[in-house]
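Based on what follows, work out the 3D shape:
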Amino acid sequence: MSDRTADNSVNVDDIIADSDTGGRAPKGAFSRRLLWIVPLIWAIFQLWIASPLRFDVVLLWNNSFFGDIYKLVILNDTQTRAIHLSFAVFLAYIAFPTFKSSPRHHIPIQDWALGLLAAATSGYIWYAYAGIAARTGAPSQLDVVVAVIGILLLMEAARRSLGIPLMAVALFFLSYVFFGSWDGLPDMIRWQGASMNKAMSHMWLTTEGVFGVAIGVSSSFVFLFVLFGSLLNQAGAGNYFLKLAFAALGHLRGGPAKAAVIASAATGLISGSSIANVVTTGTFTIPLMKRVGFPATKAGAIEVSSSINGVLTPPVMGAVAFLMTEYVGVSYVEVVRTAIVPAAISYIALVYIVHLEALKMGMTGTSRMNPVKFMLGAVFIIAISIVIAGGSLMIASYVVGFLGSALGALSFWVILLMMGVGYVAAVRFAAMGPDLEVSIESMQSLPPVREILKTGLHYLMPIFLLMYLLMIERKSPGLSAFWSSIFMLVILATQNPLKSFFRGQSDIGAQFKAGFADIAEGMIAGSRNMIGLAAAMGVAGIIVGAVTLTGIGQVMAEFVEYLSGGNLLAMLFFVAVISIILGMGLPTTANYIVVSSLMAGVVVELGAQNGLIVPLIAVHMFVFYFGIMADVTPPVGLASFAAAAISKGDPLKTGFQAFFYSIRTALLPFLFIFNTDLLLIDVGPYQAIFVFLVAMVAMLLFAAGTMNYFMVKSRLWESAALLLIAFTLFQPGYFLNKIAPEFEQRAGSELFTMAEAAASGDTLRVRMVGEDLSGEPVDARFLLPVGDAGADGATRLDQNAGVSFREEDGKILVDFMQFGGPAEQLGIDFDWEVVELEVPADRMPKELFYIPALLLLLVVYLLQMRRKEPEPELEEVTA
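This is a model prediction of the structure:
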């Protein structure tokens, strides 16, 4: 990045190193080679364990003169997690200095010792697995010592790579584990405490703590997606998406800021870190925004808001998409479908906010487009892109299906040949023009969009392959990322030699050599990007282990209920605030793990007691959104600090401005909690289009209301009217519920009859009363799935909801629940009584309230158009 301009003299490489890859750059040959070799071996190891071919290789070794060597490479999930964490903590000690003042050009002896010890303790489960399994629940003294040392070193590794916040949170929860029985604590949060043996066994020697779901997802899925993104970036895809966005939007009013939004969206698709997203795109976008007139704080804030949304955007969502499949128990496709509409309308609204800012500051561009036409054009392009992408995936599925039925096993090689021919053709197309430069100066005179588009069509192929494997073939995320990464390795090795060949150049051999160097650099960068992330996953496991061991989740529910006084909106507000506080300073994945472990159950439990029944995935999206808002919010908005370092603006002012721009993002979780149509839950394709269009219009009006600018500067009552219209479009049922009740009540004794009569895939909304484990009364509502029709009501509830009932003295009581079944996950307990069922009431469509809202919008529009002055012709402006 040495070719940055003077106005961006901040050392961006240092920001990236400090936040992601490690700030140590030793000059000694041995240390420098080790920091090159170990990450490369880690990447190769992760590709090896993800490879579907490794079992064939192992079988070959097992039947050859290699003897028992196959035992070293046959690893179960727990052992794989241990090796994964060993690599991470070792690299954390040698790649990240102890303090900012610690040496960066050599590795002190104590860091070597601590790194090796940390790797040994993290790998303990791998090489002592049989013994640990044999003494489950009765750890030896060595087990406990290793666990204590391992946890301490893991937290220090997280501190070095991520800073103090995550380590501080883990220390707080560990303190609660050991000292939660202290008499000085309030009765509400006191528990009996745990012995050292019990706590360490739970945290380190089982899959309930450090080596639980989080580190499992990290080793199975997350690493491969980070590696895939790193390889894409190494190949030049990041620069390609950035140039494409600037070529398409840079000529418009406030164009660089609009391009920053789109470029951050594209980067966010392959990035797992909001900070990395800010630094990667902000290096280019922030100086260009400043050049066209945006103040430093607003330029940084726009980049921060864009980058935060990149983490919320499918398909990767900062790797949270894959964690959510494990925690919620839904398919990956379901997670993507749930997240797509909020992310899309939030990005469109941010582009509109940028446009309004440009209008308020009187900016011009070389081309000026009517805002309505611009937004309609943007929506049209998005819609066409979705149709083209979806259509291409469907066509590919038909082609693959036809070839499979026609050619059998031979079809694989035919498909591989077709992909190869398509790739070579795309590279030949790219070779017709010059390669894209990587510099800010090159942004000033970009070629037309079509010229830039053709230079990187081959970058879209591995992304298309990833989407095909995930969405059509429904392969596991790990396997999909593996084959996509392999494709990227091929691209890195061959794209430049092929370009040289098609251009008639003679340096093909040198380009091959450079290609393999790019492969190594991309794999090393991917591994180093994973150091802090893997350490965060491990430390998050400590927090999750403390939650499961102590039952503090129930304490959080009681605490929020006390704060909110039982008011539903107040409860959601406090959950949002606590999620922001918990997420401060944490990387995306650790952020989600912490807030979902502590706060998701609170929303489910207290919501059910207030009559609010929300699908679990909507609850997880709610806390995830607010956890991510911590990256924006002062005083610990890390993404805001990174942007301020580039823009040279005030960090706190940048953070507050970014939070103001992100209000639309903070609004969305409240909206989809009360209107799950926004998450496309139980919504058909045509209704999904309608929901998207209405939600988009509502979000644009909300943005106009908060920005106090619509067609012209708004009067106070006009801004209030725009906010009211937006609320009505988002939640028309609110007003209908004031007129007619949403549900009708039926007697609890009708449970089995209604379960038997329910259509396939339906749910029953039941109100139940009983007592919780502490003897406190419970009165809550739940959704019980009944599955496919064809059986009696009791059977359908038992098989699909995981709960059976008994009739006793005219009451319907919970008799038995399946362990881990839907009913148990909802928090239902034995002997609770079904007192009533609620069925949707027959009432007028809620969409009728759109009519008065749109009429009010028409009034505001006409009044503002009367005050709008005609704009001068573009020629006069540019002259």
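
May I see the buried residues of stretch 40-47?
Going by neighbour count (16 or more other C-beta atoms under 10 Å), the buried part of stretch 40-47 is 40, 42-43, 45-47. Heads up, the C-betas are built off the backbone N, CA and C, glycines and all.

now stretch 252-262
Within stretch 252-262, the residues scored as buried using 16+ other C-beta under 10 Å are 252-262.

Which parts of the stretch 601-750 of the chain are strands?
For the stretch 601-750 of the chain, the strands defined by DSSP state E, counting those that start in this stretch occupy 743-747.

circling back: out of the buried residues of stretch 252-262, the closest to residue 488 would be?
residue 262 (22.7 Å; C-beta to C-beta).

Just the pLDDT at that closest one, thanks.
Per-residue pLDDT puts residue 262 at 79.

try residue 271
At residue 271, the model reports a pLDDT of 62.

Please identify which pair of the buried residues of stretch 252-262 lies farthest apart.
Using C-beta to C-beta, the buried residues of stretch 252-262 reach their maximum pairwise distance at 253 and 262, which is 15.1 Å.

ranges for the helices of the stretch 651-800 of the chain?
Ranges of helices in the stretch 651-800 of the chain, per DSSP state H, counting those that start in this stretch, are 651-661, 663-674, 685-707, 716-730, 733-739, 751-757, 793-796.

out of the buried residues of stretch 252-262, which are inside helices?
Residues of the buried residues of stretch 252-262 located in helices (DSSP state H): 255-262.

Now flag whichever of these is closest to residue 303.
Out of these, the member with the shortest distance to residue 303 (by C-beta to C-beta) is residue 260, at 5.5 Å.

what about the closest residue to the closest one other than its chain neighbours, distance to residue 493?
Excluding the flanking residues, the one nearest residue 260 by C-beta to C-beta, 6 or more residues apart in numbering is residue 285, at 3.6 Å. Computed as C-beta to C-beta, to the nearest Å, the residue 285 to residue 493 distance reads 31 Å.

Settle it for me: which of those two has more neighbours?
residue 285 (31 against 17; other C-beta atoms under 10 Å).

after the one helix or strand that one maps to, next one along is what?
Per DSSP states H and E, residue 285 falls inside helix 274-291. Heading C-terminal from helix 274-291, the first helix or strand you meet, by DSSP H and E, is helix 296-311.

list the helices and strands that next one packs on?
helix 255-268, helix 274-291, helix 332-360, helix 638-647, helix 651-661, helix 663-674 (3 or more C-beta pairs under 8 Å, 6 or more residues apart in numbering; DSSP states H and E).

Recalculate using a threshold of 7 Å.
Packed against helix 296-311 by the contact rule (3 or more C-beta pairs under 7 Å, 6 or more residues apart in numbering; DSSP states H and E) you find helix 255-268, helix 274-291, helix 332-360, helix 638-647, helix 651-661.

Turn those into a markdown table, including distance to residue 246.
Output for the helices and strands packed on helix 296-311, formatted as a markdown table (distance: least, C-beta to C-beta, whole Å):
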| stretch | distance to residue 246 |
| --- | --- |
| helix 255-268 | 4 |
| helix 274-291 | 8 |
| helix 332-360 | 14 |
| helix 638-647 | 17 |
| helix 651-661 | 20 |
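
which stretch among those comes nearest residue 36?
Nearest to residue 36 among those is helix 274-291 (20.8 Å), distances taken as C-beta to C-beta.

Only alpha carbons, please: show that closest one as PDB.
C-alpha atoms of helix 274-291 as PDB (Å, rounded to 0.1, in the frame of the first residue of the first chain):
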ATOM      1  CA  SER A 274     -16.200  -4.800  10.100                       C
ATOM      2  CA  ILE A 275     -12.800  -3.300  11.000                       C
ATOM      3  CA  ALA A 276     -11.100  -5.000   8.100                       C
ATOM      4  CA  ASN A 277     -13.900  -3.900   5.800                       C
ATOM      5  CA  VAL A 278     -13.400  -0.200   7.000                       C
ATOM      6  CA  VAL A 279      -9.700  -0.300   6.400                       C
ATOM      7  CA  THR A 280      -9.700  -2.200   3.100                       C
ATOM      8  CA  THR A 281     -12.300   0.000   1.300                       C
ATOM      9  CA  GLY A 282     -11.900   3.100   3.500                       C
ATOM     10  CA  THR A 283      -8.300   3.500   2.300                       C
ATOM     11  CA  PHE A 284      -9.600   4.500  -1.100                       C
ATOM     12  CA  THR A 285     -13.100   5.800  -0.300                       C
ATOM     13  CA  ILE A 286     -12.600   8.100   2.600                       C
ATOM     14  CA  PRO A 287     -10.000  10.400   0.900                       C
ATOM     15  CA  LEU A 288     -12.200  10.600  -2.300                       C
ATOM     16  CA  MET A 289     -15.200  11.500  -0.200                       C
ATOM     17  CA  LYS A 290     -13.200  14.300   1.400                       C
ATOM     18  CA  ARG A 291     -12.100  15.500  -2.000                       C
END
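
tilt between it and helix 332-360?
Angle of helix 274-291 versus helix 332-360, following axes from the mean of the first three to the mean of the last three C-alpha atoms, to 10 degrees, is 20 degrees.

Quick check: buried residues in helix 274-291?
Neighbour counts over helix 274-291 (16+ other C-beta under 10 Å) mark 274-290 as buried.

again with stretch 322-341
Buried positions in stretch 322-341, judged by neighbour count with 16+ other C-beta under 10 Å: 322-325, 327-328, 330, 332, 334-341.

Residue 400: which of these is nearest?
Distances from residue 400 to the buried residues of stretch 322-341, taken as C-beta to C-beta, are shortest for residue 332 (19.4 Å).

ok, the closest one touching residue 477?
Yes: counting by C-beta atoms under 7 Å, residue 332 does reach residue 477; the two are 6.0 Å apart.

what's near enough to touch residue 779?
609, 769 (C-beta atoms under 7 Å, 6 or more residues apart in numbering).

Counting by contacts, list what the helix or strand harbouring residue 850 packs against.
Element membership for residue 850, per DSSP H and E: helix 850-867. Other helices and strands packing on helix 850-867, by 3+ C-beta pairs under 7 Å, 6+ apart, are helix 716-730.

Quick one: mean pLDDT for the helix it packs on?
Rounded mean pLDDT across helix 716-730 is 92.

Any buried residues in it, and which?
For helix 716-730, by 16+ other C-beta under 10 Å, it's 718-719, 721-722, 725-730.

any idea which of these is closest to residue 162?
The nearest member of those to residue 162, counting by C-beta to C-beta, is residue 730 at 36.2 Å.

With adjacent residues omitted, what lies nearest to residue 539?
In space, residue 539 is closest to residue 158, 4.5 Å off (C-beta to C-beta, 6+ apart).

Pull the contacting residues for that neighbour.
Residue 158 sits next to 166-167, 535-536, 539 when contact means C-beta under 7 Å, 6+ apart.

just residue 784 next, same as before
Going by C-beta under 7 Å, 6+ apart, residue 784 touches 763-764, 766, 797, 801, 823.
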